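> quick one: sequence and predicted model below, then my questions.
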Amino acid sequence: MIIETARLRVRDLRSSDAPALYAVYADPEVMRCIEPPFTRERTREFIETAGLCDPPLVYAVERKDGGAPIGHAIFHACEGDGETFELGWVLSRALWGQGLATELTLALLAEAKRRGVRTAVLECVPEQKATARIAEKCGFTFAGSVDGLLEFRKVLTEGSDNGHPAL
């Protein structure tokens, strides 16, 4: 999969992405609301199990003006129905506050809609205020809390089982 935005490219992960992604995932502030910072081994394991699987759960995100990954995008079917996709991201702290997460989210939504996905879901812990703002900015609606996570949903195509019109 390749998705391009004005500043970003989303592509399949490669084993060779491990050093660049380790620099992102080893940052305690980046990982604060996700899990403990990754070791080099955990980074390689994550790439293998989440990015090199079929189908992938995550994809590399890189700036179009540079080659090394700056994080990953979450983009995969969930809930076992193939009609609902989870979207998300983990990006280098050095790039926070530049609108990249919003740009990425809008591109992932467009790709999901192009694929005929009915509903997009974005989840975060309550402490991730910026993520919640991005979800709302991108047209997601707060759907409640599930297992301690805030869940945001956006209907993309008609016929969704949640009874809301497509946005």
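In hand now; what should we look at? Keep in mind that what you see is a predicted model, and the values were worked out from it rather than measured.
> ok, the helix or strand hosting E123: who's next to it in the sheet?
Using DSSP states H and E, E123 sits in strand 119-124. Next to strand 119-124 in the sheet, as set by DSSP bridges, lie strand 84-91 (parallel), strand 149-155 (antiparallel).
> tell me which of the ones you listed is the most buried.
Comparing the strands paired with strand 119-124 by mean neighbour count (mean count of other Cβ atoms under 10 Å), strand 84-91 comes out on top with a mean of 22. C-beta here means a position set from N, CA and C on the backbone, and glycine is covered the same way.
> chain center to it: distance?
Averaging C-alpha positions (Cα atoms, centre = their mean, to the nearest Å) puts strand 84-91 2 Å from its chain's average.
> before we move on, the earlier item: just send the strands paired with strand 119-124 back as TSV, with distance to G67 and mean pLDDT too.
Below are the strands paired with strand 119-124 laid out as TSV (distance: least, Cβ to Cβ, whole Å; pLDDT from 0 to 100):
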stretch	distance to G67	mean pLDDT
strand 84-91	16	96
strand 149-155	32	96
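> before we move on, the earlier item: now the element after the strand holding E123, going C-ward?
From strand 119-124, the next helix or strand downstream (DSSP H and E) is helix 129-137.
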